[in-house]
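K.L.:
what follows is a protein structure lacking sequence information:
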């Protein structure tokens, strides 16, 4: 935990604490998820803070585990790439975007199914008052933000190979992200009734994509603060076409992420890598000859910094 970037670490802690709090309050008869989960905005249970707080609530241990596992696996990498402030802003934007998408699809259902004209909704267990029925539309989970993180990883490290169970062979990150998005889209259109907010997942990815393209187009000083773009001056549409086209190229895209979040194949970057490799070799040779305790405090710090990257 001490080696984990601070935003990622705190996100894990907050999510776990919120889940434990929901369990503790449930024993006292207090519906913690109902208070902080995201209700349909026309429901009586909706509160202004819910579009933010819902992403820190989870329905079960497995729901919490898989979301936090993804935050730990990919979030720490993207935090080091983007920088702390930009990563936190990106994470929250994806979560808020996912909530907005979920509200939009619920509004569509509300009008399309004619709920606006009903006072009761017939169910297998009997009619339910419309006010009570709308309060059942409650969304919890960090999945929208997590899907945004997956998208950013796939766009930043498109050719990084991942081992995904149960696929027996490694798969490139760009194919993994596109495949995941396609599966979520099919599930969203299938109306499977599995209780999973697939549209929210897609909403998190969409808002993440828009934000990444904005940064990569130079918006928000995209070349500073930990995250850059493909080419300065390109429109967001040009950047999207360039990234999407790279999915089908065998040649490695002209992208390289340096330490701290900027990327670009330039002489300064290659020189920096060469100097760090030489310094690392010198320190390791000293450790091999005299042991780790013979290193100076500065050498220990440099060894930690270089090997952590």
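P.N.:
Structure's in. What do you need? Because the structure is predicted, anything quoted here is derived from the model rather than measured.
K.L.:
check which element follows the lowest-mean-pLDDT helix or strand in the chain along the chain.
P.N.:
Across the helices and strands of the chain, mean confidence by mean pLDDT, DSSP states H and E is lowest for helix 236-246: a mean of 60. Downstream of helix 236-246, the next assigned helix or strand under DSSP states H and E is helix 267-290.
K.L.:
and that following helix, what does it pack against?
P.N.:
Applying 3 or more Cβ pairs under 8 Å, 6 or more residues apart in numbering; DSSP states H and E, one finds that helix 267-290 contacts helix 297-308. To be clear about C-beta, it is placed using only N, CA and C from the backbone, and glycine gets the same treatment.
K.L.:
so who does residue 64 touch?
P.N.:
Neighbour list for residue 64: 15-16, 19, 58 [criterion: Cβ atoms under 8 Å, 6 or more residues apart in numbering].
K.L.:
buried residues in stretch 89-108?
P.N.:
Across stretch 89-108, burial judged by 16 or more other Cβ atoms under 10 Å covers 89-91, 93-103, 105-106.
K.L.:
give me the mean pLDDT for it.
P.N.:
Mean pLDDT, stretch 89-108: 95.
K.L.:
related to what we said a few turns ago, farthest pair within the contacts of residue 64?
P.N.:
Distance extremes for the contacts of residue 64: the farthest pair is 16 and 58 at 9.2 Å, using Cβ to Cβ.
K.L.:
more crowded one of these two?
P.N.:
Taking other Cβ atoms under 10 Å, residue 16 and residue 58 do not tie; residue 58 has more neighbours (25 against 15).
K.L.:
all helices of this protein, in order?
P.N.:
Using DSSP state H, the helices found in the chain span residues 6-26, 32-36, 50-53, 61-70, 76-82, 84-112, 130-134, 143-156, 173-190, 198-216, 236-246, 267-290, 297-308.
K.L.:
elements contacting the shortest one?
P.N.:
The criterion is 3+ Cβ pairs under 8 Å, 6+ apart, and the helices and strands that helix 50-53 contacts are strand 38-39, helix 84-112.
K.L.:
beta partners for the closest residue to residue 127 other than its chain neighbours?
P.N.:
Counting by Cβ to Cβ, 6 or more residues apart in numbering, the nearest residue to residue 127 once its immediate chain neighbours are dropped is residue 120, at 4.2 Å. Bridge pairing for residue 120 (DSSP bridges) gives the partners residue 129.
K.L.:
do you know how far residue 120 is from residue 142?
P.N.:
To residue 142, residue 120 is 34 Å away according to Cβ to Cβ, to the nearest Å.
K.L.:
higher neighbour count, those two?
P.N.:
Using other Cβ under 10 Å as the criterion, residue 120 and residue 142 rank with residue 142 on top: 30 against 13.
K.L.:
tell me the contacts of the more buried one?
P.N.:
Each residue near residue 142 by Cβ under 8 Å, 6+ apart is listed here: 11, 15, 55-56, 58, 67-68, 71, 95.
K.L.:
which pLDDT value belongs to residue 206?
P.N.:
95.
K.L.:
again with residue 186
P.N.:
Reported pLDDT for residue 186: 88.
K.L.:
okay, now it: neighbour count?
P.N.:
By other Cβ under 10 Å, neighbour count at residue 186 equals 11.
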